[in-house]
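Engineer: Provided below are the primary sequence and the corresponding predicted coordinates.
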Amino acid sequence: MSIKIKDLSFRYEKELTSILLNEINIEINDGETVALLGASGSGKSTLFNIITSLYEPTNGKVTFSNSELFDLSYIQQSAMDMIFPWKTVQGNIEFALKERDKLNDKTKKRIYTLLEILRLNHRKDYYPKQLSGGELKRLSFACGLSYSPKIILLDEAFTGVDLSLKLELWSFLKKEISTNRITTFIISHDFDEAIYLADRIIFLNQSGTIYSKQIVIDRKLKDNDISIEAFLSNAEVINIKKEAIKTFRTINGNE
Amino acid sequence: MNKTKINTFLIGLLLLPLLIGIFLFTLGLFSPETIGFPSIKDIYIDFVKSFFDKYVINAILVTSKYVLISTVISIFIGVILSFLLNINKYVWASFEPFIDFLRSIPVTFFIPAFAVILGVSSPNIIWILAVIPSSLIILVNVSYGLTQQNANRLHQYQLLSGNKSRFKLFYKITIFEILPFFITGFKIALSYAIVIVTVLEYMNMGSQIGLGTLVSDEMEQLNYERVYSIIMIVGLIGFVLNKIIDKISEKYVK
């Protein structure tokens, strides 16, 4: 399932003069993971809000091939934005499936697996307010993945997460993405996260356009068995990171 | 209620008036004997006795009936109006100043107008007057809840459910989002209703004898034990009704 963003521009209604996103063209292929890096306020989250139909673009369009908005999962920075406080952990995870009339033995098994992998099975009858910050974050991932989406959007989903949980979630997500061939679009400020999860890194500059240079990460580097530590300390990966940082600094006028 | 909560409640009920009495007495602020103030023991004895007095029981029923009628009607009016006025932000913005204006007027100021329309002894005048501030407080609270809904969560519902129906969004999400605000408004509205109903009864409005009317009558007969007993009964009615709301709401508000 691919995402195609064509000639997309956006400006907020009241700000008639400034364009936030300008002639954006991005194509994410089936099963590909793309990370978008850009400074704060450059319009990254707005782009995701347009992809998920919260905002209408001023110009251009977003299309999904062989897929639709129904197949998309949007995991945001604030876990509570996708968790319903009046439902239990299990109720929250089952919610999307129930709403889609897809709660059956097979999907229940998946929920059980998600609860186990994300270490939430002993909390399944708890309400969100009884969970810790890390558990809420894990729950938000479980909710976003429960209905086996074909496309995942991650908007700074790991921000504010402690290092050990972050590594755990990266590894979990990477497996999910590759096993189920999920098309993934990531917004991040973390170069390690972008390099570890993405196949390609693109940059959004301050003028709201996609920077011409992109960084492709060789899939061979991402052997499924390789640990995150080993991957990130690989000389080639370190060079990719240096290049990404340099590009980021260039688009932000720091170099 | 668990055992600790019951104990805490009893300590408050029995000891707090006693401590206040001792404190005021020690400071020499008043002398109970000279002003004919009943002892706390006498008040408690009369409080228990009053539950076996058919006039008091009847007054409890009358006051409770007025309170419940006015609260239920306030919920109905307040909730419906808040949804109508929050159809979009411009409608709410144009009505909000008027609501604030109306909210600032003490309900007693409406008495002459309603007395002329309905008559002072009308059985309906009490609950109608109580509905005015109670419905406004529910209207303001529910409206606040509607404006404070988590927009990201509403959007997430549409993505997670794959559903764009506004009606489904309303009963699956909006109702739960505004519930804490509604419960707060409901409890304040209930307190307003109790105060207004008993005060209007005290002013001998309406044709039935409620707790407010009894206080007025007992004051005239210098029966202070009964006056304070009734005050405690009014407090008890408020306490019980609030506990019932808490019990119902804790099931849904997490």
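Structural biologist: Here it is on my side, so go on.
Engineer: so how far is A:Phe95 from the residue lying closest to A:Arg100 once chain neighbours are set aside?
Structural biologist: Distances taken as Cβ to Cβ, 6 or more residues apart in numbering or on different chains place B:Gly162 nearest to A:Arg100, at 5.6 Å, with adjacent residues excluded. Any C-beta I mention is one placed from the backbone N, CA and C, and that applies to glycine too. Distance, B:Gly162 to A:Phe95, by Cβ to Cβ, to the nearest Å: 12 Å.
Engineer: quick one, which of these two is more surrounded?
Structural biologist: A:Phe95 (23 against 16; other Cβ atoms under 10 Å in any protein chain shown).
Engineer: need the phi and psi values for the most centrally placed residue in chain A.
Structural biologist: Most central in chain A under Cα atoms, centre = their mean is A:Leu154, positioned 1.7 Å from the mean C-alpha point. Backbone torsions for A:Leu154, taken as degrees, to the nearest 10, come to phi -120, psi 110.
Engineer: and it, what are its bridge partners?
Structural biologist: Note on A:Leu154: beta-bridge partners by DSSP bridges are A:Ile75, A:Ile186.
Engineer: residue of the stretch 101-250 of chain A closest to chain B, please.
Structural biologist: A:Tyr127 (4.6 Å; Cβ to the nearest Cβ).
Engineer: where does the closest residue to that residue other than its chain neighbours land on pLDDT?
Structural biologist: Closest residue to A:Tyr127 apart from its sequence neighbours, by Cβ to Cβ, 6+ apart: B:Lys254 at 4.6 Å. Per-residue pLDDT puts B:Lys254 at 72.
Engineer: what residues are up against B:Lys254?
Structural biologist: A:85-86, A:127-129 (Cβ atoms under 8 Å, 6 or more residues apart in numbering or on different chains).
Engineer: at 7 Å what do you get?
Structural biologist: Counting by Cβ atoms under 7 Å, 6 or more residues apart in numbering or on different chains, B:Lys254 touches A:85-86, A:127, A:129.
Engineer: buried ones among those residues?
Structural biologist: A:85-86, A:127 (16 or more other Cβ atoms under 10 Å in any protein chain shown).
Engineer: and which of those is nearest to A:His189?
Structural biologist: A:Pro85 (27.9 Å; Cβ to Cβ).
Engineer: state the three-state secondary structure for the closest residue to A:Ile182 other than its chain neighbours.
Structural biologist: Counting by Cβ to Cβ, 6+ apart, A:Ile182 lies nearest to A:Ile152, which is 5.4 Å off, once chain neighbours are set aside. Following DSSP: H, G, I helix; E, B strand; the rest coil, the label given to A:Ile152 is strand.
Engineer: can you name the residues that contact the residue in chain B sticking out farthest from the centre?
Structural biologist: In chain B, counting by Cα atoms, centre = their mean, B:Gly162 sits farthest out from the average C-alpha position, at 41.4 Å. Counting by Cβ under 7 Å, 6+ apart, B:Gly162 touches A:70, A:99-100.
Engineer: how about B:Gln156?
Structural biologist: A:74, A:81-82.
Engineer: for the helix or strand that contains it, the distance to its chain's centre please.
Structural biologist: Take DSSP states H and E as the rule and B:Gln156 turns out to sit in helix B:151-161. In terms of Cα atoms, centre = their mean, to the nearest Å, the centre of helix B:151-161 is found 35 Å from the chain centre.
Engineer: in the stretch 51-200 of chain A, which spans are helices?
Structural biologist: All helices of the stretch 51-200 of chain A, identified by DSSP state H, counting those that start in this stretch, fall at A:89-99, A:105-117, A:133-145, A:163-179, A:191-197.
Engineer: quick one: contacts of the third one?
Structural biologist: With contact meaning Cβ under 7 Å, 6+ apart, helix A:133-145 is reached by A:73, A:75, A:79-80, A:82-83, A:89, A:92-93, A:95-96, A:114-115, A:118-120, A:123, A:128, A:131, A:152, A:161-162, A:165, A:169, A:176, B:160.
Engineer: quick one on the thing from earlier: can you redo the helices of the stretch 51-200 of chain A as a markdown table with mean pLDDT?
Structural biologist: Below are those laid out as a markdown table (pLDDT from 0 to 100):
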| stretch | mean pLDDT |
| --- | --- |
| helix A:89-99 | 92 |
| helix A:105-117 | 89 |
| helix A:133-145 | 91 |
| helix A:163-179 | 87 |
| helix A:191-197 | 90 |
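Engineer: tally of neighbours for residue 99?
Structural biologist: Just so you know, I chose chain A. When neighbours are counted by other Cβ under 10 Å, A:Glu99 comes out with 17.
Engineer: let me rephrase: I mean chain B.
Structural biologist: Neighbours around B:Ile99, by other Cβ under 10 Å: 17.
Engineer: wait, what's in contact with it?
Structural biologist: So, once contact is read as Cβ under 7 Å, 6+ apart, B:Ile99 ends up touching B:136, B:139-140.
Engineer: distance of it relative to chain A?
Structural biologist: 27 Å (Cβ to the nearest Cβ, to the nearest Å).
Engineer: likewise B:Ile75?
Structural biologist: Per Cβ to the nearest Cβ, B:Ile75 is found 20 Å from chain A.
Engineer: can you check B:Ile248 too?
Structural biologist: For B:Ile248 relative to chain A (Cβ to the nearest Cβ), the value is 14 Å.
Engineer: does that residue belong to a helix or a strand, and which?
Structural biologist: Here B:Ile248 is assigned to helix B:224-249, by DSSP H and E.
Engineer: run the chain-centre distance for that helix.
Structural biologist: Worked out by Cα atoms, centre = their mean, helix B:224-249 lies 10 Å from the chain centre.
Engineer: same check, this time on stretch A:189-208
Structural biologist: The answer for stretch A:189-208 is 11 Å, by Cα atoms, centre = their mean.
Engineer: so what pLDDT did the residue nearest to B:Ile111 when sequence neighbours are not counted get?
Structural biologist: Once flanking residues are discounted, B:Ile111 sits nearest to B:Leu129: 6.8 Å by Cβ to Cβ, 6+ apart. pLDDT recorded at B:Leu129 is 90.
Engineer: quick check: the gap between A:Phe158 and A:Lys44.
Structural biologist: For A:Phe158 relative to A:Lys44 (Cβ to Cβ), the value is 14 Å.
Engineer: just A:Ile19 next, same as before
Structural biologist: From A:Ile19 to A:Lys44 the distance is 15 Å (Cβ to Cβ).
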